[in-house]
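> one predicted model, sequence on top.
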Amino acid sequence: MRVTDSFRFQLYTATLSTLKAQMDNATNQIASGKKVLVPADDPTSYAQNMQITAEQSQNTQYASNLNSLQAQGAYYETSLNSVGDLLTTVKQLVVQMSSATVDASSRSAAADQVNTIISQLAAIGNTKVGNTYIFGGKKGNAPPYQADGTFSGTNDVAKVAVDSSTTVNAGISGNTIFNGTVSGEGVTLNGTAQPNIDIFGTLKQLSADLAANDTGALQTDSTNVDNCIDLTSNNLAYAGTYTKNISSLLTTNATTGTTLTETSSNLVDVDTAAAYSDYTTLSTAYQAALYVMAKVESLSILNYLPPA
Amino acid sequence: MSVSSILNIAKSALSANQTVIQTISHNIANVNTPGYSRQEAVLEEAVPTATSVGLMGNGVLVQQIKSYLDQNIQNSISAQNSNLQEQTVAENYLTSVQGVFNEDNSNLSSSITQFFNDWQALSTDPTSSADKQAVALDGQNLSTTINSMYNDLTTLQTQANGDVNSAISDINTTLTSIASLNQQIAQGQVGTSEANDYIDQRNQLLQTLSGEMNITCMQGSNNMVTVLTSSGKSLVEGNTACQLTPLTDQVSGFTRVGLQGASGTVDITGEITGGSLGALTTARDTTIGGYISDLNGLAKSLTENVNYFSQMGNGGTPDQTTSTGTFFQPVADGNYAGRMAVSGQIVDSSGNVQTANVMTTSSTTDTTDNDVALRIASLANETLLGGNTVASTAFASNTAALGISGNLAVNGVTVAVGAGDSLSDIAATINGIEGQTGVSASVTHSSTGYQLVLTTAATNGHISVVNGDLAASTSGYTGITQTLGLSGATYTGYEAGVVSKVGEAVKSATELATYNQNAMTSLQGQQASESGVSIDEEMSNLIQYENAYQAAARLYTVADSLLNTLLNAVGVTTS
């Protein structure tokens, strides 16, 4: 085979540019830390990584949803504790006022005290976190309770997504706390299910009975207050479960996040040692090509002819 | 037999060696000329003269200037150049498309996720102005991202169209040159350096031409070539060249390729499947056109589905024909990718966000309910975007009631399904509103059972089907679409699929371009081996013929001295 000059140079150029391109690619991989820089490098991995990046971003949003639910959950527990404390005060008051030694004026004073507690409970019912009245259900932008305990919120609450296929209740409606049963669980007191325990109604009745000095009714009121206390502790347990559930969802969320990061890294991150080794191999090949080129070029006939 | 015949022989030798050396210089001068085939002056003995002692030599003649041209290799190179240029151009355009879709540049997938994440955040605090601002501004950002990708793609199309126009005029110049070289070759003398050079030039032009478009060449009379299109329409016939002419496509406004012939201009765009022109029309119409359509499907589905649920805000009803309660601006002309924008009710002309118009709840009283926001946020996870056809899972019967009820939103239009409806009933309902959705439905039967098949007639169209109810079940939105098994891709999954498709196309084009380049290099190696100029070879020939020339010149001295001797002998003195 005849080897001609022009073609020989063409081959040198092609070889060198191929090697240069490969070295360039290896350098980019090392510099960026990624083995998949453009979709064409590995279309499947690139697309998978895009999906995973999207999932990571969503997962972060779910974490943020959960964090805000958790923050709210803490307020429910605090509020319910206060409700429990106030009801205990009422209970003590009822016991005290049931005594035959107490006179009508003391009972009247106690009625005032109960009314104060009613408005304190209403204030708790109007607890506001950020923009939201947390006991308002789906009407959380206005105070759900009037001072006398009249409720203007909704019984059901909005839902919030905590992963791609699950939604949880965003909080607890005031009505299930002050007037009713814990959603879906029911309250069983003294062996019978209590469908509806109205805290404000009970206290208003108590206040009226105290004001009327109706000692006979106080006995019933005392039982009702007990039911209210039981409801509240059940609600407290529910709120505890609620926040615990949020915490465990947060843990799952964090685990998912870690898994996604690992998967993404496996898909597109470069093995630096391997990439560096590739680079060294290529750079040796490049030097060898240059060396051979220089050697072969000195073999021209022109170097052996005397100058014309 | 005379002394003068020595002079004649010397003269012929000088002239022949001079011609050889001239040919060698021509070779050396053209060592790097593309398409040049090395030439050789072929020497032969002059016709001998019969004498009494037998035939006596009469010196040397240049029989012809031979060109070391292997027309077969040359033809293979031309054909290969067609593939090579096609793949190179395709690779260039696809790499540009890849640049548009590359997530690192476009951030489309992350814009989509961010947009839906904002709705999530808004669902946790439905009256928050800040969250509503974020939804509106990130909606705007998402629209702008899609708009600018669309613009980048149409710019590439326009660029390809410009390249088509310049390729047409380049081809016309080449065709004319080939015809005029045909003429010169036919008129010239075979076996001269001049004719060889013309043939080399013509081969080079044919190689260029087949790099531009796929052609067929035939050897005609008088060494002329006939150049035809792939279906046999004449481009160059003898010394006549036909001309290509740009035609304007009535729909796209892009240039199509016309061929001016005796019977008027014929559209030959479909025949040009190879070369850079073939690659350009394919890139412009099919490749980039297809990706624009993919992007448009995404923009359309985003607009329609977000609007569908946004319009349910404040007790409203979805209606794609009005802009009441929409989040994105409704698009009338189908160019969703180019025109997608957040509604003017949400972001007004001075750029202020009207937070009151960002819908979060379907209730007119429950102001902090979040059903709309939650439903829009959940679009991020729904499988909803399909291709031209979407099929349901197989059911046992096409007429039995399915016992499922609810609403489907097919391309943003409500399809109500009642518990008594069968597959055929659902198909009939969908066909009843085909005018609004552009989607027709049929029930097909196979060994696996009956399937509901949705089809859109639009070329490269997309069907977007989503559960059309607001209510969220605790396990997400497993609604009627899931029951029917109508599946598609999520928005980010769809986008990842498009990017993967672009990546595969670039990868395959790069590999093909490399393969074709290697095949070309191999052919060029064969060609160089046969036709290329080797300086070493030419230099040694040069020395060889220089010596021969010197020897021939010496003959003059010898003949001169012989004549002198002779003239002295007869008493004539010369100088």
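The structure has been received and is ready for your questions.
> contacts and neighbour counts: CA atoms only from here.
OK.
> show me where the stretch 451-575 of chain B has its strands.
Remark: strands assigned in the stretch 451-575 of chain B by DSSP state E, counting those that start in this stretch are B:463-467.
> any regions of it where pLDDT drops low?
B:472-478, B:572-575 (pLDDT under 70).
> could you list the buried residues of the helix or strand of chain B with the lowest mean pLDDT?
None of the helices or strands of chain B scores lower by mean pLDDT, DSSP states H and E than helix B:480-484, at a mean of 82. Within helix B:480-484, the residues that qualify as buried are B:480-482, B:484, counting by 16 or more other CA atoms under 10 Å in any protein chain shown.
> next, count neighbours for residue 50.
Since no chain was named, I'll use chain A. When neighbours are counted by other CA atoms under 10 Å in any protein chain shown, residue A:50 registers 25.
> ah, I was thinking of chain B
11.
> check residue A:197 too.
21.
> separation between residue A:74 and residue A:254?
20 Å (CA to CA, to the nearest Å).
> one step back: present the buried residues of helix B:480-484 as a markdown table; the columns should include distance to chain A.
Shown next, in a markdown table, are the buried residues of helix B:480-484 (distance: CA to the nearest CA, whole Å):
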| residue | distance to chain A |
| --- | --- |
| B:480 | 15 |
| B:481 | 15 |
| B:482 | 13 |
| B:484 | 18 |
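> with the residues you listed in mind, which one is nearest to residue A:269?
Checking those against residue A:269 by CA to CA gives residue B:482 as the nearest, at 35.8 Å.
> and the closest one, how far is that from residue B:399?
Residue B:482 is 20 Å from residue B:399, by CA to CA.
> then residue A:303?
93 Å.
> so is whichever helix in chain A runs longest next to chain B?
When chain A is parsed with DSSP state H, its longest helix is helix A:43-98. Yes - Helix A:43-98 lies within reach of chain B by CA under 8 Å from any CA of the partner chain, at A:43-44, A:46-48, A:50-51, A:53-54, A:57-58, A:61-62, A:64-65, A:68.
> and those, which is closest to residue B:516?
residue A:43 (22.2 Å).
> tell me if I'm right that the closest one and residue B:498 touch.
No - counting by CA atoms under 8 Å, residue A:43 does not reach residue B:498; the two are 10.0 Å apart.
> so the residue nearest to residue B:525 when sequence neighbours are not counted: helix, strand or coil?
Nearest residue to residue B:525, sequence neighbours excluded (CA to CA, 6 or more residues apart in numbering or on different chains): residue A:7, at 6.9 Å. What DSSP: H, G, I helix; E, B strand; the rest coil gives for residue A:7 is helix.
> residue B:226 bridge partners, please.
Taking DSSP bridges, one finds residue B:218 as the beta-bridge partners of residue B:226.
> got a list of what it touches?
Neighbouring residues of residue B:226 by CA atoms under 8 Å, 6 or more residues apart in numbering or on different chains: B:217-220, B:234-238.
> are any of the residues you listed buried, and which?
Of those, these count as buried by 16+ other CA under 10 Å: B:217, B:234-238.
> which parts of the stretch 1-150 of chain B are strands?
Using DSSP E, counting those that start in this stretch, strands in the stretch 1-150 of chain B cover B:39-45, B:49-51, B:54-56, B:60-67.
> return the set of buried residues in stretch B:162-178.
Buried residues in stretch B:162-178 (16+ other CA under 10 Å): B:163-165, B:167-169, B:171-178.
> tell me which of the residues you listed is nearest to residue A:248?
Nearest to residue A:248 among the buried residues of stretch B:162-178, with distances taken as CA to CA, is residue B:163, at 60.5 Å.
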